[in-house]
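In: got a predicted structure plus its sequence, pasted below:
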Amino acid sequence: MSIYLAIFGKPRYLGLLDLQEPAPARGARLVTETMRGIELALLGGPLSPEQEERYRNSCSDDSTDSQVKGGEPALQEITFVRDATKEDINEASLEREDENSVLLKARGLLRNHNLSMKLVDVEFLLDRKKLFFYFTSEQRVDFRAFVRDLAKEFKTRIELRQIGVRDEAKAVKGLAPCGQRCCCSYWLHRFTPICIKMVKEQNLALNPTKISGICGRLMCCMSYEHHLYRDLWKGLPNPGSKLRTPGGNFLIDGVDLSAQSVRIRTPEGKEILVKTEEFQRFRETVMEGGSWEDAAAPGEPRSTRDDTFRPARERTAEPREETAGEKASPRRDRRKTQEKIPREQEKEKDAATMEGTAKKKRRKKRKPSQGEKASPSPVSSPEKAAASAEKPKQQEQEIRQGEGQKKKKQNTRRRRPQKGNMETPSQQGRNPKATSSPEV
């Protein structure tokens, strides 16, 4: 007898199966008895003792990030019942079709109970004696009344399993950001905890849209090459740390896995690669104020990269000296003529503006100050002289007329009546209704 690996259930449980030789071919369908009941299983290949021990250790590890609560273990020993017949395979396909309608009805019943839970998937066993519901929730949920309604509706035994967001992606399946199927949906059997430190050590951008999967957590593939980077970072400072030296601060940017080197940013802005085994010598050299280029072994190549800003080269007016036998290219001549034309136009404009300003200055006349009197301009005719003499007289008359009008306005103001409502004699004479007092 030899031990084979089998896969069963929608959450993809692993089973260890003892089979006698000759065993069915790899990928055959078998009817097995598991901790959940009678169900179909997919047969894998035979396992060696080392592989069996590795599977047992990995599935029994408590550091996994799976959040299935109240469920069976991920790895269990199952019993072979018989080979699956066509009727068993057809019954399983009918159950998959019925599960879609069952999920829709269950979601409709869930709306009436107003519970903070999300139904993800449904699974029938082969004999339909048990119906499993998988849901996600951020808090503890009291679903006892909901289970009673489900049992009345589907007339079978109901079991609810709470799963996490990573198990939801595993059950629903889908495409990862890389364009392939999610690793958890077809070959990954356990979730390892992934932290942001793994991302930093692999020189990846801390962009949530690029390092997160469809579950919203860090992608599982972040742990595939982490052990290589972890070994490379041994004996090195943390990424992003600084080395404070007399010549400035050196920044640890990251590591280069192919070159087995660490990338360091110098105070001048250059990026240099230093071998991991030479990092201690590099640190001692720069801490003493020395130069790493001078301390490096002669003839040893050092890869550098200058990311600093380089200003554009200034053009000089000096013509380029042509060597003997070198012909002037037509492009160069054309460029020189194009540069000369705007320069000549600018010179002409400057000369024209200078002439215009000089003419304006000539035309400008000096204005008289307040104490000075304006000098009389030459009169061309006697009529103009007489008109200019009459102007001050007219201005004096206008000023007098204006003062007289102001005095009239002031005199025409209405005076207030005296106390006792006494009328003036003028008002008494004007009032037609006024009567004399009767004689006594």
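Out: Nice, thanks for sending it over.
In: send the alpha carbons of the helix or strand harbouring Thr209 over as PDB?
Out: Using DSSP states H and E, the element containing Thr209 is helix 208-211. Written as PDB, here are the backbone C-alpha positions of helix 208-211 (Å, rounded to 0.1, in the frame of the first residue of the first chain):
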ATOM      1  CA  PRO A 208      -1.600  49.500  -2.800                       C
ATOM      2  CA  THR A 209      -3.100  49.000  -6.300                       C
ATOM      3  CA  LYS A 210       0.100  47.100  -7.400                       C
ATOM      4  CA  ILE A 211       0.900  45.000  -4.400                       C
END
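In: pLDDT (mean, whole number) over it?
Out: On average, the pLDDT along helix 208-211 is 89.
In: could you do stretch 54-67 as well?
Out: Mean pLDDT, stretch 54-67: 70.
In: again, but for stretch 150-161
Out: pLDDT averaged over stretch 150-161 gives 92.
In: how far does that stretch stretch from start to finish?
Out: Length of stretch 150-161, first residue to last, C-alpha to C-alpha, to the nearest Å: 14 Å.
In: just the buried positions in that stretch, please.
Out: Neighbour counts over stretch 150-161 (16 or more other C-beta atoms under 10 Å) mark 150, 154, 158, 160-161 as buried. C-beta coordinates here come from the backbone N, C-alpha and C atoms, glycine included.
In: please apply the same query to stretch 224-244.
Out: Judged by neighbour count using 16+ other C-beta under 10 Å, the buried positions of stretch 224-244 are 226, 229, 232-233, 236, 239.
In: tell me which stretches of the protein form strands.
Out: Along the chain, counting by DSSP state E, strands occupy 2-8, 13-19, 29-33, 38-46, 75-77, 79-83, 118-124, 130-136, 157-162, 242-245, 248-256, 261-265, 270-275, 304-306.
In: save the ones you listed as JSON lines, and put in distance to Glu52 too.
Out: Shown next, in JSON lines, are those (distance: least, C-beta to C-beta, whole Å):
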{"stretch": "strand 2-8", "distance to Glu52": "6"}
{"stretch": "strand 13-19", "distance to Glu52": "7"}
{"stretch": "strand 29-33", "distance to Glu52": "18"}
{"stretch": "strand 38-46", "distance to Glu52": "10"}
{"stretch": "strand 75-77", "distance to Glu52": "10"}
{"stretch": "strand 79-83", "distance to Glu52": "17"}
{"stretch": "strand 118-124", "distance to Glu52": "27"}
{"stretch": "strand 130-136", "distance to Glu52": "28"}
{"stretch": "strand 157-162", "distance to Glu52": "27"}
{"stretch": "strand 242-245", "distance to Glu52": "49"}
{"stretch": "strand 248-256", "distance to Glu52": "37"}
{"stretch": "strand 261-265", "distance to Glu52": "41"}
{"stretch": "strand 270-275", "distance to Glu52": "42"}
{"stretch": "strand 304-306", "distance to Glu52": "50"}
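In: out of these, point me to the one whose mean pLDDT is lowest.
Out: Lowest mean pLDDT of the strands of the chain: strand 304-306, a mean of 45.
In: give me the below-cutoff pLDDT ranges for the stretch 301-440 of the chain.
Out: Residue ranges of the stretch 301-440 of the chain with pLDDT under 70: 301-347, 349, 352, 355-399, 401-440.
In: now the helices for the chain?
Out: 49-59, 86-113, 144-154, 165-172, 183-186, 196-201, 208-211, 226-232, 279-287, 292-295, 330-363, 382-411, 425-430 (DSSP state H).
In: max pairwise distance over the buried residues of stretch 224-244: which two?
Out: His226 and Leu236 (15.3 Å; C-beta to C-beta).
In: which parts of stretch 264-283 are buried?
Out: For stretch 264-283, the neighbour count (16+ other C-beta under 10 Å) marks 264-266, 271-274, 276, 278-279, 282-283 as buried.
In: stretch 122-131 now?
Out: Of the residues in stretch 122-131, 122-126, 130-131 count as buried by neighbour count, 16+ other C-beta under 10 Å.
In: so which of those comes closest to Pro193?
Out: Using C-beta to C-beta, Glu123 comes nearest to Pro193 of the buried residues of stretch 122-131, at 26.9 Å.
In: for the closest one, what are its contacts?
Out: Counting by C-beta atoms under 8 Å, 6 or more residues apart in numbering, Glu123 makes contact with 9-10, 99, 131-132, 134.
In: recalculate using a threshold of 10 Å.
Out: Applying C-beta atoms under 10 Å, 6 or more residues apart in numbering to Glu123 gives the contacts 9-11, 36, 39, 95-96, 99, 102, 130-134, 159, 161, 171.
In: number of residues surrounding Arg29?
Out: Neighbour count of Arg29, defined by other C-beta atoms under 10 Å: 16.
In: next, the closest residue to it other than its chain neighbours: phi, psi?
Out: Excluding its sequence neighbours, the residue lying closest to Arg29 (C-beta to C-beta, 6 or more residues apart in numbering) is Ala84, at 3.8 Å. With angles defined as degrees, to the nearest 10, Ala84 sits at phi -70, psi 130.
In: one more: Gln180?
Out: Per degrees, to the nearest 10, the backbone of Gln180 is at phi -100, psi 170.
In: any idea how far it lies from Gly216?
Out: 19 Å (C-beta to C-beta, to the nearest Å).
In: returning to what we had before: dump the buried residues of stretch 224-244 into TSV; add pLDDT and distance to Val165 as well.
Out: Converted to TSV, the buried residues of stretch 224-244 look like this (pLDDT from 0 to 100; distance: C-beta to C-beta, whole Å):
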residue	pLDDT	distance to Val165
His226	89	22
Tyr229	89	26
Leu232	88	32
Trp233	88	30
Leu236	87	34
Pro239	84	28
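In: now the residues you listed as CSV including distance to Ala74?
Out: Below are the buried residues of stretch 224-244 laid out as CSV (distance: C-beta to C-beta, whole Å):
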residue, distance to Ala74
His226, 22
Tyr229, 28
Leu232, 32
Trp233, 31
Leu236, 36
Pro239, 34
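In: and Ala84, what does it touch?
Out: Ala84 neighbours (C-beta under 10 Å, 6+ apart): 24, 28-32, 40-43, 91-92, 126.
In: if you set the cut-off to 8 Å instead, what comes out?
Out: Contacts of Ala84 by C-beta under 8 Å, 6+ apart are 28-31, 40.
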